[in-house]
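# got a predicted model here, sequence first, then my questions.
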Amino acid sequence: MSSLLDSVYLLLQESASPMHPKELATALIQRGMWSSKGKTPDATVGARIYCDIKKHGDQSRFIKAAEGFFTLNPNVKVELPDPGKNAGKAVKRKQPEKSAGSYSFSDCAEKILLHFSGNAPMHYRDITSKALELGWLKTEGLTPEASMYAQILTEIQRREKQGKIPRFEKLGNGMVGLTIWKSTGLERHIDSFNDKQRKVLMERMMQLNPQDFEELITTLLSKMGFSEVSRTPYGGDGGVDVRGIMTVHDVIHIKLAVQAKRWKANVQSPVVQQLRGSLGTDERGLIVTTSNFSRGARDEARRTSSHTPIDLIDGDQLVSLLVEYNLGVRKNRYQLLELTPSFFSDEEEI
């Protein structure tokens with residue numbers, strides 16, 4: 001088994017945002033990546049990360065992103081030893097190549113703000129410029145700055161609709177910051193409460209019988225703007241539970257065949273193949289599940305050469321969509337007053 005810090009490193013690689021030691025400890029134990037007999041495993045995780053940063057300084061693979069939160073050091077590339085091989089040997093730290101990989105606009109913005117802003121807001125043009133310079137952003141568009149700002153604002157609006165704390169904060173005059181820099185205890189408490197409600201929402205979905213679950217998916221698609229949405233006869237659907245039509249600007253009409261899986265186990269590739277074989281003429285497939293998809297299922301869904309691609313919605317995405325479209329939940333809005341420094345300056349807030 002790899003060391004505790006190696007496991008933390010792997011988790012942070014998967015994470016789209018910094019994590020608190022409590023989140024890390026919970027995920028490590030749940031996934032069997034680490035075990036602890038102590039009463040405060042999160043304190044153990046946090047102490048080990050702090051010690052690594054203190055020992056290695058700028059060459060530590062971890063950095064402190066905000067008070068109590070950690071992320072990976074972008075200036076250090078780590079080669080982890082193979083499990084069971086070279087056990088006990090120190091990990092190798094290398095300087096990363098500039099264009100080690102590319103990310104989405106919003107992920108680029110978060111990484112730039114975490115690692116190059118000094119915990120201070122940046123203008124979206126500067127964020128875009130730095131992302132392009134590092135090779136983290138790959139785009140053929142003629143206006144990457146406008147695309148960057150539009151995607152940041154769109155994500156803020158979408159996460160608010162889903163009852164989540166946005167990653168970004170719009171500060172006016174094109175300036176963007178991260179919410180983790182100024183999140184209050186109240187905001188974190190609300191976020192924690194909402195996470196618990198999401199889990200309850202999932203539990204209630206799991207208690208539905210198959211027909212009621214299909215009816216829920218039918219209602220969700222209708223709320224999302226699909227037309228002519230209807231369930232197929234139960235038991236003789238040939239792998240298709242719901243059909244509908246997605247219309248774009250009254251010009252493009254896409255027929256959709258949906259399979260709804262109220263499962264605990266991951267959906268495997270044969271399910272994707274079955275749905276693809278059941279598609280009618282000009283139909284596109286969609287699988288919605290309360291669980292997740294195996295790697296084989298995701299690979300099969302992405303196959304496009306002479307195959308119709310299949311879209312996938314996993315359990316986390318399904319819960320977010322239910323929250324966004326107010327199905328099974330309602331949003332209560334409480335006003336939290338914050339001062340606006342720009343109000344007392346000569347700058348015009350946009």
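Cool, the structure landed.
# domain ranges for this structure?
Domain ranges of the chain: 4-94, 105-183, 208-324, per automatic domain parsing.
# next, count neighbours for the closest residue to I156 other than its chain neighbours.
Once flanking residues are discounted, I156 sits nearest to P166: 4.4 Å by CB to CB, 6 or more residues apart in numbering. Placement of C-beta: from N, CA and C, glycine included. Number of residues near P166 (other CB atoms under 10 Å) recorded here: 17.
# who are the neighbours in contact with P166?
E155, I156, R159, E160, T179 (CB atoms under 8 Å, 6 or more residues apart in numbering).
# mind checking which of those are in helices?
E155, I156, R159, E160 (DSSP state H).
# distance of the closest residue to the first one other than its chain neighbours relative to T128?
Computed as CB to CB, 6+ apart, the closest residue to E155 that is not its neighbour in sequence is S106, at 5.1 Å. With distances taken as CB to CB, to the nearest Å, S106 is found 12 Å from T128.
# same question for G32.
For G32 relative to T128 (CB to CB), the value is 40 Å.
# next SSE after the worst-scoring helix or strand of the chain on mean pLDDT?
Here the helix or strand of the chain ranked lowest by mean pLDDT, DSSP states H and E is strand 92-94, holding a mean of 48. Per DSSP states H and E, the first helix or strand lying C-terminal to strand 92-94 is helix 105-116.
# show the average pLDDT along that next one.
Average pLDDT, helix 105-116: 89.
# output that helix in CSV with nothing but the alpha carbons.
Written as CSV, here are the backbone C-alpha positions of helix 105-116 (Å, rounded to 0.1, in the frame of the first residue of the first chain):
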residue,chain,number,x,y,z
PHE,A,105,-11.6,27.4,-19.1
SER,A,106,-13.1,27.3,-15.6
ASP,A,107,-10.5,24.8,-14.3
CYS,A,108,-7.7,26.9,-15.8
ALA,A,109,-9.1,29.9,-14.0
GLU,A,110,-9.2,28.1,-10.7
LYS,A,111,-5.6,26.8,-11.1
ILE,A,112,-4.3,30.2,-12.1
LEU,A,113,-6.0,31.9,-9.1
LEU,A,114,-4.8,29.3,-6.7
HIS,A,115,-1.1,29.3,-7.8
PHE,A,116,-0.3,32.7,-9.3
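# that helix packs against which elements?
Helices and strands touching helix 105-116, by 3 or more CB pairs under 8 Å, 6 or more residues apart in numbering; DSSP states H and E, are strand 122-123, helix 124-134, helix 144-161, strand 168-172, strand 175-178.
# which stretches of the stretch 251-350 of the chain form helices?
269-278, 295-302, 315-324 (DSSP state H, counting those that start in this stretch).
# out of those helices, which gets nearest to H56?
Taking CB to CB, helix 295-302 is the member of those nearest to H56, at 33.3 Å.
# the closest one - contacts with which helices or strands?
Helix 295-302 packs on helix 269-278, strand 310-313, going by 3+ CB pairs under 8 Å, 6+ apart.
# would you turn the ones you listed into JSON lines with distance to L24, mean pLDDT and mean neighbour count?
Listed next are the helices and strands packed on helix 295-302 as JSON lines, based on distance: least, CB to CB, whole Å; pLDDT from 0 to 100; neighbours: other CB atoms under 10 Å:
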{"stretch": "helix 269-278", "distance to L24": "31", "mean pLDDT": "90", "mean neighbour count": "18"}
{"stretch": "strand 310-313", "distance to L24": "27", "mean pLDDT": "92", "mean neighbour count": "18"}
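# thanks a lot, catch you later.
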